[in-house]
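In: Need the 3D shape of this:
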Amino acid sequence: MIKNIILKNESEVYKIMHDLIEKAYVEASEEKLLLCMECGDVDFYIAHSHNEELQDAIRENFEIDEYGEVLNEEKYRKMLDDLQDNFLEMHIKSGLFDYYPAGEYDVAGEKRQSETDIIAPKGKFSAPFEDAAL
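Out: From the prediction side, this is the model:
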């Protein structure tokens, strides 16, 4: 799944990511939220920066200096980019969300345009708009 590096603990990293996706589903489902795929609602970097367990699991794959900094920053960034792509795909393929790509949708007989890709808790919306809640 990752193009730039082989993770020593891939299953651990993906388990943490999956747990984050399940948590996002519960919150989005309870609050009837739409999540924008391009707006930071589904962003690995944000999730990573707020989850110490995920940070530690990822850092296990890199040599660290005496200050706890990753020595090969370029390789680290490329790996995070790959994880971002995988994180988006994992949301879509999780079975927890309906995926609404950017495009035209019919909401109550009215044609509307969505400019971004949206996911929503499975079965809660008929289109990627707040007033399309079921």
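In: Tell me the gap between the helix or strand hosting Tyr14 and the middle of its chain.
Out: Counting by DSSP states H and E, the element that carries Tyr14 is helix 10-31. Its chain's C-alpha centre lies 9 Å from the corresponding centre of helix 10-31 when counted by Cα atoms, centre = their mean, to the nearest Å.
In: With stretch 48-68 instead?
Out: 19 Å.
In: which residues are in contact with it?
Out: The contact list for stretch 48-68 (Cβ atoms under 8 Å, 6 or more residues apart in numbering) reads 5, 7-9, 12-13, 16-17, 20, 47, 70-72, 75-76, 79-80, 83. Bear in mind the C-beta positions are built from the backbone N, C-alpha and C, glycine included.
In: any idea of the mean pLDDT for it?
Out: For stretch 48-68, mean pLDDT rounds to 94.
In: CA atoms only: put it into PDB for me.
Out: This file holds the C-alpha atoms of stretch 48-68, laid out as PDB (Å, rounded to 0.1, in the frame of the first residue of the first chain):
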ATOM      1  CA  HIS A  48      -1.400  12.200  12.900                       C
ATOM      2  CA  SER A  49      -0.700  15.500  14.700                       C
ATOM      3  CA  HIS A  50      -3.400  14.700  17.300                       C
ATOM      4  CA  ASN A  51      -2.600  11.100  18.000                       C
ATOM      5  CA  GLU A  52       0.600  10.300  19.900                       C
ATOM      6  CA  GLU A  53       0.100   6.500  19.500                       C
ATOM      7  CA  LEU A  54       0.100   6.900  15.700                       C
ATOM      8  CA  GLN A  55       3.100   9.200  15.700                       C
ATOM      9  CA  ASP A  56       5.100   6.700  17.800                       C
ATOM     10  CA  ALA A  57       4.100   3.800  15.600                       C
ATOM     11  CA  ILE A  58       5.200   5.700  12.500                       C
ATOM     12  CA  ARG A  59       8.400   6.900  14.000                       C
ATOM     13  CA  GLU A  60       9.400   3.300  14.900                       C
ATOM     14  CA  ASN A  61      10.200   2.900  11.200                       C
ATOM     15  CA  PHE A  62      12.900   5.600  11.200                       C
ATOM     16  CA  GLU A  63      16.200   6.400  12.700                       C
ATOM     17  CA  ILE A  64      15.700   9.100  15.400                       C
ATOM     18  CA  ASP A  65      18.300  11.600  16.700                       C
ATOM     19  CA  GLU A  66      19.000  12.300  20.300                       C
ATOM     20  CA  TYR A  67      16.200  14.900  20.300                       C
ATOM     21  CA  GLY A  68      13.600  12.500  19.000                       C
END
